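Colleague: starting from these lines, generate the structure:
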Amino acid sequence: MTPTAQASPEQNNYKGWRGIKRAFATPSALTMLFLGFGSGLPFLLVGVTLSTWLRDTGVALSVIGLISYASFFYVLKFLWAPLIDRYPLPFLGRRKGWLAVSQLLLIIALASMALMGPESSLLLFVALAGVVAFAGATQDIVIDAYRIEVAPLESQAALAATYILGYRFGLIVSGAIALYLAELTGWTTAYLIMAACILLPLLAGLLSKEPAAQELIVREIRLWDAFIKPFQEFFSRNGIWLALALLAFVGLFKLPDQMIGVLAGPFYLDSGYTKADIATVSKVYGVWIGIAGAFLGGICIAAFSLRSMLVIAALAVSVSNIAYLLMANNPGESWAFFATISADNLSQGFAGVVLVAFMSSLTNRNFTATQYALLVSLAHLPGKFIGGLSGYIVEASSYSTFFIMSTLSVIPTLLLLAWIWHRIQDDNPK
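Modeller: Prediction:
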């Protein structure tokens, strides 16, 4: 009998205020805080922070948009997730071994980016950014699988909230701290320090425990089956049409937010704000607002219906984009910057936890890494594709037009949610 099976109903009850407190107090929640920091750190370093660096050196918006495709590994990680599910490394354990390797690769690639810079060879610099994205995506595969396997479904909202708390700390460091360092000491020093920061999640991973072996049942399968069975199981469990609808819904859920992501840094610079302004408002104040949104999401999921939270989160992500019109029409005004970041980051934090909890509920624990990686990849695919073209869209129209387009992109998401509403259960039990 597994430890989960031996636990009393009271121990496994994570609903209500007592349950919320119990879930957030688990050792796994503390571990996810540090691992979340590791996930959040490289994401901005190949995203908004990198775009700001490139714009600061005079790279055109259209080129910056295209360079953002170097981070496409975050979208494609489901392609090599089956290998991580199927093959453990001969050291540290099934999850910890892959985690350590990906984090060491991150350190090397980030340090190489720092020492080279975009001025020497833009092509090689972008290739190194791709390596960072690949290593970061691999790290995410392992961390997501670890989170789902190490604790019962009822506590996933709490683990998601602490993970996102750590993730937001990672965003503060790779966003605000990196920009402050770039302003004071230059981009090379900033990225070298970012590489050193990976040592913290590396240590946390080495000290973490492996998920209980009893929970990992279907492992001894052929290599080809390692790629086929996770997808086969997902479609057979849900049915073809519902499975496709679920995948499409996940893919479109955060599209309004992701459309803006690539050009956020350049937009701030073009609006008259300095790197220090961006660091203070967007990467410090904004991240704390995002943390508040994440914990609000975790509490609401524990207290209310997951389906109703999906509706609220989707609408919040979309409507918050209208706030960017304040900045577009009031360039350089601090109050507009604070108002926009407040609306955007609160909705992002809330929606992030809701989406993580929903995607976690859709996975089968025998294929955790592969199925969750597929869902996360789809959650980034539409926004990543449009984000790469966003520079051309803005240059052909305006920032304001682009923000309105991003707000309206929620319509297909709401239509899909209406179709799957009565076809999914609130708790999605396995």
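Colleague: for the stretch 301-430 of the chain, give me the ranges with low pLDDT.
Modeller: Where the stretch 301-430 of the chain drops to pLDDT under 70, the residues are 365-369, 383-384, 387-390, 424-430.
Colleague: repeat that for 50
Modeller: Within the stretch 301-430 of the chain, the stretches with pLDDT under 50 are 427-430.
Colleague: break down it into its helices, ranges please.
Modeller: Along the stretch 301-430 of the chain, the segments classed as helices by DSSP state H, counting those that start in this stretch run 306-319, 324-329, 334-361, 368-396, 399-408, 411-420.
Colleague: looking at these, spot the one closest to Lys77.
Modeller: In terms of C-beta to C-beta, the element of these nearest to Lys77 is helix 368-396, at 4.9 Å. C-betas here are computed from N, CA, C, even on glycine.
Colleague: and the angle from that closest one to helix 399-408?
Modeller: 150 degrees (axes from the mean of the first three to the mean of the last three C-alpha atoms, to 10 degrees).
Colleague: now helix 368-396 against helix 334-361, angle please.
Modeller: Going by the same axes, to 10 degrees, helix 368-396 makes 150 degrees with helix 334-361.
Colleague: of the helices of the stretch 301-430 of the chain, which is nearest Ser236?
Modeller: helix 368-396 (12.4 Å).
Colleague: hmm, Glu183 is touching Lys275, no?
Modeller: Yes. Here Glu183 reaches Lys275: they are 4.6 Å apart, a contact under C-beta atoms under 8 Å.
Colleague: more neighbours: which of these two?
Modeller: Lys275 (21 against 17; other C-beta atoms under 10 Å).
Colleague: for the more buried one, what are its contacts?
Modeller: Residues in contact with Lys275 (C-beta atoms under 8 Å, 6 or more residues apart in numbering) are Thr52, Asp56, Leu179, Tyr180, Ala182, Glu183, Leu269.
Colleague: turn the residues you listed into TSV, columns for distance to Phe338.
Modeller: As requested, the contacts of Lys275 are exported to TSV (distance: C-beta to C-beta, whole Å):
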residue	distance to Phe338
Thr52	19
Asp56	23
Leu179	17
Tyr180	18
Ala182	22
Glu183	20
Leu269	17
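Colleague: looking at those, point me to the pair that's furthest apart.
Modeller: Among those, Tyr180 and Leu269 lie farthest apart (C-beta to C-beta), at 15.3 Å.
Colleague: what's around the residue nearest to Glu210 when sequence neighbours are not counted, how many residues?
Modeller: Counting by C-beta to C-beta, 6 or more residues apart in numbering, Gly93 is the residue found nearest to Glu210 once chain neighbours are left out, at 4.3 Å. If you count neighbours by other C-beta under 10 Å, Gly93 ends up with 16.
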